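Student: test case, fold it:
(chains A, B and C)
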Amino acid sequence: MEIKIHDLYKTLLSHFGKQGWWPAEDKFEVIVGAILTQNTAWKNVEKAIDRLKKEKVLSLDGILNIEREVLKELIKPSGFYNQKADRLKSFVEYIDKNYKGNLNLFLHRDTNKVREELLSLNGIGLETADSILLYAGDHAIFVVDAYTRRLCKRLPLLKGMDCDDYESIRKKIERELKRKIKDEKELVKIYKEFHALIVKLAKTYCKKKPVCKKCPLMKKCSFGGV
DNA sequence: ACCCAGGTGGCCC
DNA sequence: GGGCCACATGGG
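Tutor: Next up, the predicted model:
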């Protein structure tokens, strides 16, 4: 049996409730978190963010002016700290140089323009770019991560599509949801919530075992669990 | 002593 | 255009 994407969203929402992503105080914190969480447990990212806050450098100017070696030391708990320090530095330098350090000026423009620019920056790939677009910029872009990809492989919800291709999954999910949701603001809200729910699902039921008997989607899966 | 975590870029074929 | 690999810390 095939699961409709919107039904899957509804099922997850009623099962887990609203997730309220992204957990951050402002746009800049979302961006820092998006870079720091690359292949890293969120718990470790929190430690790094707390340290940046404590040093009062969790701002565009803060990261711009802090010495690279000091920055590395502060974000150490989040791992890959050499490259992540470079990535944070190159991002704030880019915004400073091209947008007078004004994040809103950068974010609030044509979606594809912003996306292209993000992708041109060092260390910002598809998922990080889309996380920033959706959660910091409120653009209607769905974020695909490793969990989403895994879900696509295990659920017959995206039949006939390439589950290894990021863009293919993103566009399919966006198409399906756009068909159902006409209001742009509502769409953005659902993209935010849906991605968070997929992460929640994976963390709750699929930590180790690829197929979990406790999974709430069992009944709807032709093969028994995600 | 493994394996995993809200990825990305570089190199190889 | 896909298949490896390094990147690093902390928790199970």
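Student: A:Asp86 contacts A:Ile124, doesn't it?
Tutor: No. No contact is recorded between A:Asp86 and A:Ile124 when judged using CB atoms under 8 Å, the distance being 11.7 Å. To be clear about C-beta, it is placed using only N, CA and C from the backbone, and glycine gets the same treatment.
Student: okay, these two: which has more neighbours?
Tutor: Set A:Asp86 next to A:Ile124 and count neighbours by other CB atoms under 10 Å: A:Ile124 wins out with 23 against 15.
Student: for the more buried one, give me phi and psi.
Tutor: For A:Ile124, the backbone dihedrals are phi -110, psi 100 (criterion: degrees, to the nearest 10).
Student: what of A:Asn122?
Tutor: According to degrees, to the nearest 10, A:Asn122 has phi -60, psi 130.
Student: mind listing what it touches?
Tutor: For A:Asn122, the contact set (CB atoms under 8 Å, 6 or more residues apart in numbering) comprises A:86-87, A:90.
Student: what's near enough to touch the closest residue to A:Tyr166 other than its chain neighbours?
Tutor: Distances taken as CB to CB, 6 or more residues apart in numbering place A:Leu126 nearest to A:Tyr166, at 4.9 Å, with adjacent residues excluded. Contact partners of A:Leu126, counting by CB under 8 Å, 6+ apart, are A:119, A:144, A:166-167.
Student: who wins for most neighbours among the residues you listed?
Tutor: Counting neighbours by other CB under 10 Å, A:Val144 leads the contacts of A:Leu126 with 24 neighbours.
Student: contacts only, for that one.
Tutor: Each residue near A:Val144 by CB under 8 Å, 6+ apart is listed here: A:126-127, A:130, A:166, A:169-170, A:173.
Student: A:Leu118 against A:Glu127, yeah?
Tutor: No. Counting by CB under 8 Å, A:Leu118 does not reach A:Glu127; the two are 10.9 Å apart.
Student: more neighbours: those two, which one.
Tutor: Using other CB under 10 Å, the more surrounded residue of A:Leu118 and A:Glu127 is A:Leu118, with 24 against 18.
Student: low pLDDT regions in chain A?
Tutor: Applying pLDDT under 70 to chain A flags the ranges A:1-2, A:157-160, A:207-214, A:216, A:218-226.
Student: near DNA strand B, which residues of it? Just list them.
Tutor: Residues of chain A found near DNA strand B (CB under 7 Å from any atom of the strand) are A:21-23, A:33-34, A:37-42, A:44, A:79-80, A:83, A:121-129, A:131, A:135, A:145-147, A:199, A:202-203, A:208.
Student: save the contacts of A:Val144 as a markdown table, and put in secondary structure too.
Tutor: Output for those, formatted as a markdown table (DSSP: H, G, I helix; E, B strand; the rest coil):
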| residue | secondary structure |
| --- | --- |
| A:Leu126 | helix |
| A:Glu127 | helix |
| A:Asp130 | helix |
| A:Tyr166 | helix |
| A:Ile169 | helix |
| A:Arg170 | helix |
| A:Ile173 | helix |
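Student: out of those, which is nearest to DNA strand C?
Tutor: A:Tyr166 (9.8 Å; CB to the nearest atom of the strand).
Student: from A:Arg175, how far out is that closest one?
Tutor: Going from A:Tyr166 to A:Arg175 by CB to CB, to the nearest Å gives 15 Å.
Student: next one: phi and psi at the closest residue to A:Ile173 other than its chain neighbours?
Tutor: In space, A:Ile173 comes closest to A:Phe142 once its chain neighbours are excluded; the distance is 5.1 Å by CB to CB, 6+ apart. Main-chain torsions, A:Phe142, degrees, to the nearest 10: phi -90, psi 140.
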